[in-house]
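A.B. asks: Build me a structure from this.
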Amino acid sequence: MRTTTTPEHPSTGAGPATANHLGGRVGGRDGAGMVRIGLHLLLAALPLLAISAHVFGLITMNVSAGLLVIPLAAAIVALTVLAPHTGDRVVADGMIWGVVGCAVYDGFRLTTVHVFGWWADFIPTMGTWITGNPDDLTAGAVVGYLWRYVGDGGGIGITFFALACAFGLQRWSRRAVVGAAIAFSVFPVWAGLVGTVAIAPRGQTMMFPITWVTLTLSLIGHLIFGWIMGLGFHRSRSVRKSWPWEPLTGSMPALPMGTGRQAALPAPRNPQTPPTGQSMDPDTWELWRRQLEANTAGRRSTRRERVR
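C.D. replies: Have a look, this model is predicted:
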């Protein structure tokens, strides 16, 4: 029996399972792919958890980075390169937009640090926790900001994009998606940061003091981060096609960007469809068919004009 595949539903089992003559599951989920996404989410959470663990005195970042974060990151990168998976695109887009959001956030934060002097920059100090050399703030700044952008910002972006796809936020309007991203950036991300600083015995000494200024500035920064991340998710059309499973909230077709109405389903292909069309993605086939009919009608109109 001849089988065909489409980008949305590859034959490797990454997409939603469908019924077949062998009794396959309908709407099932690929177990290996779920484990893979779970590993991505674990890696995404570790950089932030490592900071909290260090501040609470549970395990130093020098140890957690060397024994947990870096080895797991290397293993996942190798797995992604050697055995690509459909969901990897969601992870990549989430990391990119997380880094972009962190950069915009830092544009605001570093202005308040170096221009207005409203609070100090603890990122270089955090970097020395990783290097283990508290006297070398230059190396600490390099390592700290690399950790901040790729680990913290990218990790938060991965987590939000994965959760957003899992719950079907690709069907929401731009305003709703941005609101959800801002809410996620405030709680649990900002709330977790403030909780760590406030509850840990040395939190305010190691990171920054809790004042109305620092609370306001850090909250504004996270609002900016969430806003950018929400816009990034809404603009990432490829995420909708790359998520390999049906959303937990249902399998209704995604809304087109910028509208509040449900997208129309493509016309079903019938047995008279040419073999090439049978192997096409339904949306691509419908677009091609409409374009062909429009071109045919145009040629007929031109012939009638010439006959006249």
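A.B. asks: Next secondary structure element downstream of the helix or strand where I96 lies?
C.D. replies: Using DSSP states H and E, I96 falls within helix 88-110. The element immediately downstream of helix 88-110 (helix or strand, assigned by DSSP H and E) is helix 123-131.
A.B. asks: and the angle from that following helix to helix 88-110?
C.D. replies: 130 degrees (axes from the mean of the first three to the mean of the last three CA atoms, to 10 degrees).
A.B. asks: Run through who's touching helix 123-131.
C.D. replies: The contact list for helix 123-131, computed with CB atoms under 8 Å, 6 or more residues apart in numbering, reads 51, 54, 60-62, 65, 134-145, 147-148, 206-207. Using the backbone N, CA and C atoms, a C-beta is placed for each residue, glycine as well.
A.B. asks: Looking at these, which are in helices?
C.D. replies: Using DSSP state H, the subset of those located in helices is 51, 54, 61-62, 137-145, 206.
A.B. asks: among those, which ones are buried?
C.D. replies: The neighbour count (16 or more other CB atoms under 10 Å) marks 51, 54, 61-62, 140-141, 143-145, 206 as buried among the ones in helices among the contacts of helix 123-131.
A.B. asks: would you turn these into CSV with pLDDT and distance to Y105?
C.D. replies: Formatted as CSV, those follow (pLDDT from 0 to 100; distance: CB to CB, whole Å):
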residue, pLDDT, distance to Y105
I51, 97, 16
H54, 97, 22
M61, 98, 21
N62, 97, 26
G140, 97, 20
A141, 97, 17
V143, 98, 19
G144, 98, 15
Y145, 98, 12
M206, 95, 21
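A.B. asks: Generate a markdown table for those, with distance to T249 as supplementary columns.
C.D. replies: Output for these, formatted as a markdown table (distance: CB to CB, whole Å):
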| residue | distance to T249 |
| --- | --- |
| I51 | 32 |
| H54 | 37 |
| M61 | 37 |
| N62 | 42 |
| G140 | 44 |
| A141 | 43 |
| V143 | 40 |
| G144 | 38 |
| Y145 | 37 |
| M206 | 41 |
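A.B. asks: From the residues you listed, pick the one nearest V189.
C.D. replies: Nearest to V189 among those, counting by CB to CB, is I51 at 11.9 Å.
A.B. asks: give the contact list for the closest one.
C.D. replies: Counting by CB under 8 Å, 6+ apart, I51 touches 61, 126, 152, 196.
A.B. asks: got CSV for the residues you listed, with distance to A45 too?
C.D. replies: Below are the contacts of I51 laid out as CSV (distance: CB to CB, whole Å):
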residue, distance to A45
M61, 15
M126, 17
D152, 10
T196, 14
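A.B. asks: In stretch 210-221, which residues are buried?
C.D. replies: 214, 217-219, 221.
A.B. asks: And these, which is closest to R202?
C.D. replies: So of the buried residues of stretch 210-221, ranked by how close each gets to R202 (CB to CB), first place is T214, at 16.1 Å.
A.B. asks: For that closest one, report the pLDDT, please.
C.D. replies: Here, the pLDDT recorded for T214 equals 97.
A.B. asks: quick one: which helix or strand includes it?
C.D. replies: Per DSSP H and E: helix 212-235 holds T214.
A.B. asks: and of the buried ones among the ones in helices among the contacts of helix 123-131, the nearest to A78?
C.D. replies: Nearest to A78 among these, with distances taken as CB to CB, is V143, at 22.2 Å.
A.B. asks: ok, now which ones touch the closest one?
C.D. replies: Shown in contact with V143 (CB under 8 Å, 6+ apart): 127, 130-131.
A.B. asks: Ok, G140 next?
C.D. replies: 124-128, 130-131, 133-134.
A.B. asks: Which one of these sits in the busiest neighbourhood?
C.D. replies: Counting neighbours by other CB atoms under 10 Å, I130 leads the contacts of G140 with 26 neighbours.
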